[in-house]
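In: any chance you could fold what I've pasted below:
(chains A and B)
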Amino acid sequence: MKKTKITIDYKKCSFAGKVDPRECRKCLHVCDTAVFLMHPTLEEHPDPYNPEKWLITPVWPSMCTGCMKCANICPEKAITVVPGQSLHNLNHPYPKF
Amino acid sequence: MNAHLYTNELADEYNMQAYLEEQWKNMETLFIRKIMGFSSIGLGYKMKMPIIGRVLRAAAERQVHSESPKRVPKRADGHFGQVVPLEDAQHILGNLAAEPICKNYCVCRWMQRGVKDAVCINFGQLSGIIEKLHRYVPENTKFWIDREEAIAALEAQNKKGYVASVWFQPVPYINAVCSCESPECGGLRLRNDFGLMTVYKGEYVINVNQDNCQGCKSCVRMCQFNALRFLPSVNRVIVDLDKCFGCGVCRHACNHEALTLVPRDSVPGQAGKY
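Out: Down below sits the predicted model:
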């Protein structure tokens, strides 16, 4: 099974990159299947109630349908998508444990 | 409904204040945290792996329902919910929910859709914690609300098409009535797309009265679960009860009294299937 590969160039999009994901977040908005997750980094933050370092991770690539809207809308062209097999509960039921 | 599960006394008994504080500080990192060496990134593919996939599924189910004293707040162990129709959710807010009640931005919608939407109604010991998380305190609407305001807010959200759901966090303490939307809701994503029991179906299912249905299709756009479909040949709406969560949101769109909720247990094929 060919897996969908989505990569984000963190030199362009991250707390340390050109654009802070919290300011832009266009890919989250445009993705019909909500593949992306915006989250603070796992390190200890100076103020744990208000973390300042945020990233976007394509967390559910198996839901990606390869529409390329995210790659096209990204102002920094930081997202690359190599579409593979998408999985949906409907036509590929997971084995019950 | 068990009123005891909503009380602050129960929360104190399990020392849930500290647990919730740790859980909510780290809520957005839930899916990227490694559990037994696996994070949830690409969970769909991981669960397709021959043996490891089954082990992962079992581990995830155990974690979601964990009542163990060793459960980990950063992973949101013991955090699952159930869909409830508007009337039941309003009963909870009006009578059972512990004060104080707050309305804050939905975490799921922020982290997976990038949208700030003040629809989550949290109460009891959780509301004091959310107050400290400034990114979830709404800017233009009231944060602290009374019971009447909570009931009215929930009704407005339900009529917009959001699904009401109650949440354990952690089980057995109940402290949230969410207004969920699929696919951004973290719980509905795991349930509908990965088959994990993070959100249980409601105690009801919808019944379409074939004689009353005029085929206007308004209800179809309300369903978050793709359970309703319009058939041109017979000019009416059909329902897939296996997909119906019994939220009753579709009723708001019907002008012909064709949609009613019936108890899940009264439908033989759906009884006991949550």
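
In: and B:V163, how many residues sit next to it?
Out: 29 (other Cβ atoms under 10 Å in any protein chain shown). The way it works is simple: take the backbone N, C-alpha and C, and place the C-beta from them, glycine included.

In: contacting residues around it?
Out: Residues in contact with B:V163 (Cβ atoms under 8 Å, 6 or more residues apart in numbering or on different chains) are B:V83, B:S179, B:C180, B:E181, B:S182, B:L188, B:Q224, B:F245, B:C247, B:V249.

In: from the stretch 101-250 of chain B, which residue is nearest to chain A?
Out: B:G114 (3.4 Å; Cβ to the nearest Cβ).

In: from A:K53, how far out is that residue?
Out: 17 Å (Cβ to Cβ, to the nearest Å).

In: what about the residue of the stretch 101-250 of chain B closest to chain A, how many residues nearby?
Out: So B:G114, with other Cβ under 10 Å, has 22 neighbours.

In: returning to that earlier point: could I get the contacts of B:V163 as JSON lines with pLDDT?
Out: Listed next are those as JSON lines, based on pLDDT from 0 to 100:
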{"residue": "B:V83", "pLDDT": "97"}
{"residue": "B:S179", "pLDDT": "97"}
{"residue": "B:C180", "pLDDT": "96"}
{"residue": "B:E181", "pLDDT": "94"}
{"residue": "B:S182", "pLDDT": "90"}
{"residue": "B:L188", "pLDDT": "94"}
{"residue": "B:Q224", "pLDDT": "94"}
{"residue": "B:F245", "pLDDT": "95"}
{"residue": "B:C247", "pLDDT": "96"}
{"residue": "B:V249", "pLDDT": "97"}
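
In: switch those over to JSON lines; also include secondary structure.
Out: Formatted as JSON lines, these follow (DSSP: H, G, I helix; E, B strand; the rest coil):
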{"residue": "B:V83", "secondary structure": "strand"}
{"residue": "B:S179", "secondary structure": "strand"}
{"residue": "B:C180", "secondary structure": "strand"}
{"residue": "B:E181", "secondary structure": "coil"}
{"residue": "B:S182", "secondary structure": "coil"}
{"residue": "B:L188", "secondary structure": "helix"}
{"residue": "B:Q224", "secondary structure": "coil"}
{"residue": "B:F245", "secondary structure": "coil"}
{"residue": "B:C247", "secondary structure": "coil"}
{"residue": "B:V249", "secondary structure": "helix"}
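
In: ok, now which ones touch residue 5?
Out: Going with chain A. So A:K5 contacts A:P61, A:T80, A:V81, A:V82, A:G84 (Cβ under 8 Å, 6+ apart).

In: nope, chain B
Out: B:F168, B:P172, B:Y173, B:I174.

In: could you pull up the contacting residues of the first one?
Out: Right, the one you point to is B:F168. Contacts of B:F168 (Cβ under 8 Å, 6+ apart): B:L5, B:G78, B:H79, B:F80, B:G81, B:I174.
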